[in-house]
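*Asks:* Sharing a model that was predicted from the sequence below.
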Amino acid sequence: QLLGHKSTHPLRSPALSPSRAPWALRQPRIQEFAGGRVSALGAKKQEDPQKLKAPRPEDDPVRTFYPDADRVIAIGDVHGDAFALDASLLLAEVMDSKGDWIGGETIVVQMGDILDRGPDEADCISRLLDLKYQAQAAGGDVISLLGNHEIMNADLDFRYVEPLGWLGWDEHSGDSSISKAPGWDKIPQFMKNRIESLSLGEGNLALALAQMPVVITVGPSVFVHGGLVPEVVLYGLPKLNAETARWLKGEEDQKPSMLEHYRFHRLPASEEMSPVWHRDFGKLDGCDPDILAIADASMRLLGVKRMIIGHTPQVEGINYVSTADGREVWRVDTGMSAGIIEGKIECLEITKNPKTGAERVRVLGTEGKLPAEARCLAQQAAKASWASPPERVSGGSAADEGTKGAEGPEVTRGAKRTKGTRVEEEASSVKGAGGVRGAKRADAAEGAGVSSSSQGVKEPVRVRV
């Protein structure tokens, strides 16, 4: 039953949550996004005229530069946690409780690392693709960046796949070029669907990833998963995005060298050059002037005033550091996935006054809407915690009503410690049958106006980062 995708396992039961319907039922979305170049593999074609079809890949090169928008939302690493993704979208008020787009012309940028470490990878990709079609029809967009874990999966590196992550993909046809490779018959049957979906130029997932950029700019902000050093900017961001897309579409045999994970020792402060692997800008003590000078140089070359990154979990939530010239590096990966550290569910909001052009940056979370100054790392260095009082939400939406006056969930965690740029955390203390994650889900769902009963209950997955 598991191999045939007919499992009644509670984590995969369609009756538990609409987002957990079998992946094959949502397959037309992937095929449209991939350009319709893959056979249906038994899935029924979606013919709803209200849904916007993405252009074919060969007619739509991956876009790098976007004009400024009145509202931009940045969501950190998801890592296969559908609850964390849905809660972030609800808090950002771009999705309603039915899963429909309500963000108008808002641009949502998901910072990469959708894959690995969690069981809901297929659900998360499906959600983002569904919203992308709806957002584009309304004048907005949902842009998912490539993270290091998407690149690892395209390289068939499955070290961080959670056991349930092997389920929910297409039923393999056995006709792909990868299925003809030596030793294919020795691969366990339950692994073949995921592997074939990542066959470069053939698999639906690989073709969907080919539509995702490595780095983009939206007005005065640049978005990248790990970090951007001047060498990559000078190499050419459109060139890097195009080369990556051609590799994932099977048009190039060689992966772009800029995506390789290697140490670049020529730089005095930054040893990693790859934009999907770089970690120096995300360090918890990220005020090193040499490191900030490198970030500032990249932003000056692009003519932007802020860089938004994910990749490195920030245990205290979204924050930023400023360079000597006043440019900002925002770190938005809160480790919110159950497969990381179950960090705060937050997102970054950048709004622009259409009349004056003035920008406002805020952190949206279950605690309310915090001004940027409350999360400046340099200003908070001398304080024990984020001490600025939140700007409370007022309004008529479900998210507003739920977060007004809320204190936010309290989570008791074990000892935290840092080792280099990696975050290690002892297991969270568990309270009751649902544990800490169950309590957090109930609080966040209540704050977003959604019944937690529809989300289901998952046992926490403990993974050290």
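*Replies:* Everything's here; your move. Just so you know, these numbers come straight off a predicted model, no measurement behind them.

*Asks:* where's the closest residue to Trp101 other than its chain neighbours relative to Ser274, distance?
*Replies:* Leaving aside its chain neighbours, Trp101 sits nearest to Gln134 (3.6 Å; criterion: CB to CB, 6 or more residues apart in numbering). In this view, the C-beta of every residue, glycine as well, is placed from N, C-alpha and C. Applying CB to CB, to the nearest Å, the value for Gln134 to Ser274 is 33 Å.

*Asks:* Repeat that for Ile308.
*Replies:* Ile308 is 17 Å from Ser274, by CB to CB.

*Asks:* Comparing those two, which shows the higher neighbour count?
*Replies:* Neighbours of Ile308 and Ser274, each counted by other CB atoms under 10 Å, are more numerous for Ile308; the result is 26 against 22.

*Asks:* For the more buried one, which residues are in contact?
*Replies:* Contacts for Ile308 (CB atoms under 8 Å, 6 or more residues apart in numbering) come out as 74, 109, 111, 221-224, 330, 332, 348.

*Asks:* Next, it: secondary structure please.
*Replies:* strand (DSSP: H, G, I helix; E, B strand; the rest coil).

*Asks:* Report the beta-bridge partners for it.
*Replies:* Phe223, Trp330 (DSSP bridges).

*Asks:* Can you show me the helices along the stretch 251-400 of the chain?
*Replies:* Under the criterion DSSP state H, counting those that start in this stretch, the stretch 251-400 of the chain contains helices at 289-302, 377-380, 398-403.

*Asks:* Sort out which residues of the longest one are buried, please.
*Replies:* Buried positions in helix 289-302, judged by neighbour count with 16 or more other CB atoms under 10 Å: 291-292, 294-299, 302.

*Asks:* need the contact list for Gly343.
*Replies:* With the criterion set at CB under 8 Å, 6+ apart, Gly343 makes contact with 313-315, 317, 334-336.

*Asks:* Now a PyMOL select for only the buried ones of those residues.
*Replies:* Burial among the contacts of Gly343 is assessed by 16+ other CB under 10 Å; the matching PyMOL selection reads:
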select buried, resi 313+314+317+334+335+336
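
*Asks:* returning to that earlier point: make CSV from the buried residues of helix 289-302 and add pLDDT and distance to Arg159 to it.
*Replies:* Listed next are the buried residues of helix 289-302 as CSV, based on pLDDT from 0 to 100; distance: CB to CB, whole Å:
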residue, pLDDT, distance to Arg159
Ile291, 88, 28
Leu292, 91, 32
Ile294, 93, 29
Ala295, 95, 29
Asp296, 96, 34
Ala297, 96, 34
Ser298, 97, 30
Met299, 98, 33
Leu302, 97, 33
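
*Asks:* Now distance to Leu156 too, for the residues you listed, in a markdown table please.
*Replies:* Shown next, in a markdown table, are those (distance: CB to CB, whole Å):
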| residue | distance to Leu156 |
| --- | --- |
| Ile291 | 33 |
| Leu292 | 37 |
| Ile294 | 32 |
| Ala295 | 32 |
| Asp296 | 37 |
| Ala297 | 35 |
| Ser298 | 31 |
| Met299 | 35 |
| Leu302 | 33 |
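
*Asks:* Please name the spatially closest residue to Asp116 (chain neighbours excluded).
*Replies:* That would be Tyr160: by CB to CB, 6+ apart, it lies 3.9 Å from Asp116.

*Asks:* Contact partners for Cys376?
*Replies:* Counting by CB under 8 Å, 6+ apart, Cys376 has contacts 319-322.

*Asks:* and the residue nearest to Trp101, how many neighbours?
*Replies:* Around Gln134 there are 21 residues (other CB under 10 Å).

*Asks:* after the host helix or strand of it, next one along is what?
*Replies:* Gln134 belongs to helix 121-137 when assigned by DSSP states H and E. Using DSSP H and E, the helix or strand that follows helix 121-137 towards the C-terminus is strand 141-144.

*Asks:* for that next one, packing partners?
*Replies:* strand 107-110, helix 121-137 (3 or more CB pairs under 8 Å, 6 or more residues apart in numbering; DSSP states H and E).

*Asks:* want to throw the ones you listed into JSON lines with mean pLDDT and distance to Pro213?
*Replies:* JSON lines is the format used below for these (pLDDT from 0 to 100; distance: least, CB to CB, whole Å):
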{"stretch": "strand 107-110", "mean pLDDT": "98", "distance to Pro213": "10"}
{"stretch": "helix 121-137", "mean pLDDT": "95", "distance to Pro213": "13"}
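
*Asks:* Out of the ones you listed, which gets nearest to Leu228?
*Replies:* strand 107-110 (14.2 Å; CB to CB).
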